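Enquirer: all I have is the shape, not the residue letters:
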């Protein structure tokens, strides 16, 4: 059986730049899967999960997850158990996030906070491959801040953070895109990814593919 990548689309907007980045990632994986030399065991499944379709309540710091069986009582009222299972069942996780005031959106921060039981239950996400793609409205609009938040979350959960390994001079290690183009009043359509971000996403997809097939 092949491996599985869970792509968590962490934007409240389903058709923005973040969606274009994650969609391009999935398309590249599909293209790699189509290589005639690959067996079914080496083909990778990609599931794109739109976080906005799920209900995740705020962590209330009750600390119930510190005690066995390390569960959150709020999970009886929302969809966090479903998300926990999807993350645990995946071999790798890619999170796509826009920058909201140099941070991740609220719905993604709720997922991060509510994932605490997975850590307290003896690191249930440990050793999964992990990476990030990010989007912003303006150039220099907070990509690094989003990257810091999400990679720290992954490391705290025991995941293995990987980067794109394209051309070492011209391809970014962590794909990002901004709505603002070179001109201060020039903005791209969400579906019009620039060449640098496309190359970086493709390099990241290839890295996931190669590592999952080792």
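Expert: Received it, and whenever you're ready, just let me know what you need. This is a predicted model, so every value here is computed, not measured. Numbers count the residues shown, from 1 in each chain.

Enquirer: give me the contacts around stretch 171-189.
Expert: Residues from elsewhere that reach stretch 171-189 (C-beta atoms under 8 Å, 6 or more residues apart in numbering): 17, 20-21, 131-141, 143, 147, 163-166, 190, 193-194, 196-197, 199-201, 203-204. For glycine as for every other residue, the C-beta is placed from the backbone atoms N, C-alpha and C.

Enquirer: from these, keep the buried residues only.
Expert: Neighbour-count burial (16 or more other C-beta atoms under 10 Å) is assigned, among the contacts of stretch 171-189, to 17, 20-21, 131-136, 141, 143, 147, 163-164, 166, 190, 193, 197, 199-201, 203-204.

Enquirer: ranges for the strands of the chain?
Expert: In the chain, the strands defined using DSSP state E lie at 4-9, 45-50, 92-98, 129-136, 160-161, 176-178.

Enquirer: please tell me how far residue 141 sits from residue 135.
Expert: 9 Å (C-beta to C-beta, to the nearest Å).

Enquirer: sorry, wrong one. I was asking about residue 83.
Expert: 21 Å.

Enquirer: circling back: list residues touching both of residue 141 and residue 135?
Expert: Counting by C-beta under 8 Å, 6+ apart, the residues touching both residue 141 and residue 135 are 99, 178.

Enquirer: tell me the centre residue of this structure?
Expert: Taking C-alpha atoms, centre = their mean, the centroid of the chain lies closest to residue 95, which sits 0.8 Å from it.

Enquirer: tell me the pLDDT of it.
Expert: pLDDT recorded at residue 95 is 98.

Enquirer: how close does it get to residue 146?
Expert: In terms of C-beta to C-beta, residue 95 sits 9 Å off from residue 146.

Enquirer: just residue 23 next, same as before
Expert: For residue 23 relative to residue 146 (C-beta to C-beta), the value is 18 Å.

Enquirer: more neighbours, those two?
Expert: Comparing residue 23 with residue 146 by other C-beta atoms under 10 Å, the one with more neighbours is residue 146, at 29 against 18.

Enquirer: what count of nearby residues applies to residue 207?
Expert: 18.

Enquirer: quick one: the residue nearest to the centre of the chain and residue 6 touch, right?
Expert: No. Counting by C-beta atoms under 8 Å, residue 95 stays clear of residue 6, with 9.2 Å between them.

Enquirer: for this structure, what are the low-confidence residue spans?
Expert: Applying pLDDT under 70 to the chain flags residues 1.

Enquirer: do a quick rundown of the helices in it.
Expert: Shown for the chain, the helices assigned by DSSP state H span residues 17-33, 80-89, 106-114, 116-120, 143-156, 195-212.

Enquirer: tell me which of these sits nearest to residue 68.
Expert: Ranking those by proximity to residue 68 (C-beta to C-beta) places helix 116-120 first, at 9.1 Å.

Enquirer: that closest one: how far from the chain's middle?
Expert: When C-alpha coordinates are averaged (C-alpha atoms, centre = their mean, to the nearest Å), helix 116-120 and its chain have centres 18 Å apart.

Enquirer: residues making contact with that helix?
Expert: Here helix 116-120 has contacts from 59, 65-66, 70-72, 84, 87-88, 124-125, 156-158, using C-beta under 8 Å, 6+ apart.

Enquirer: just the buried residues out of these, in ChimeraX syntax.
Expert: Entered in ChimeraX, the line below selects the buried ones among those, by 16+ other C-beta under 10 Å:
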select :59,65,70,71,72,84,87,124,125,157,158
